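> Give me a model of this one.
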Amino acid sequence: MKTATFHPDRVFRALADQTRLRILNLLQGGEVCVCDLVCVLESPQPTVSRHLAYLRRAGLVKARKEGIWAYYELVPAESEFEQAVRKCLDVCGGEARFARDAAMLRKKQSPCCE
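As a prediction, this is how the structure comes out:
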């Protein structure tokens with residue numbers, strides 16, 4: 001999130017959805033391909049992409065394209081507010097659903113896109 005384009009209302013709306021929270025939780029460990037998010041979330045690719053676009057517009061994630069695949073990661077937490085959001089995500093990571101998602105992502109032998 002860049003300070004110049006920072007909109008708290010967008011951030012809070014983005015955080016108000018369980019699927020988006022699950023995605024943010026998965027991105028806590030670093031960059032993840034959309035295909036892996038689709039596998040872990042067991043959601044259709046267009047649905048996951050729509051949520052990622054929402055998170056990108058809110059300034060929470062950034063994307064990198066490689067061939068036909070897109071890889072997402074959390075933006076660096078620079079402001080005090082951004083750091084507080086990250087702490088909230090850390091706390092959410094202990095919830096059963098989020099912990100299962102993270103474990104499922106760690107268990108994957110290779111990305112779905114390979």
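> for the residue nearest the centre of the chain, helix, strand, or coil?
Central residue of the chain (Cα atoms, centre = their mean): Leu24, 2.9 Å from the mean position. When classified by DSSP: H, G, I helix; E, B strand; the rest coil, Leu24 comes out as helix.
> Quick one: the helices in this protein, in order.
Using DSSP state H, the helices assigned to the chain run over residues 8-15, 18-27, 34-41, 45-57, 80-92, 96-107.
> Pipe these into CSV and attach distance to Ala63 and mean pLDDT per row.
For the C-beta atoms, the positions are set from N, CA and C on the backbone; glycine is no exception. Converted to CSV, the helices of the chain look like this (distance: least, Cβ to Cβ, whole Å; pLDDT from 0 to 100):
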stretch, distance to Ala63, mean pLDDT
helix 8-15, 15, 92
helix 18-27, 11, 96
helix 34-41, 9, 95
helix 45-57, 6, 97
helix 80-92, 18, 91
helix 96-107, 18, 93
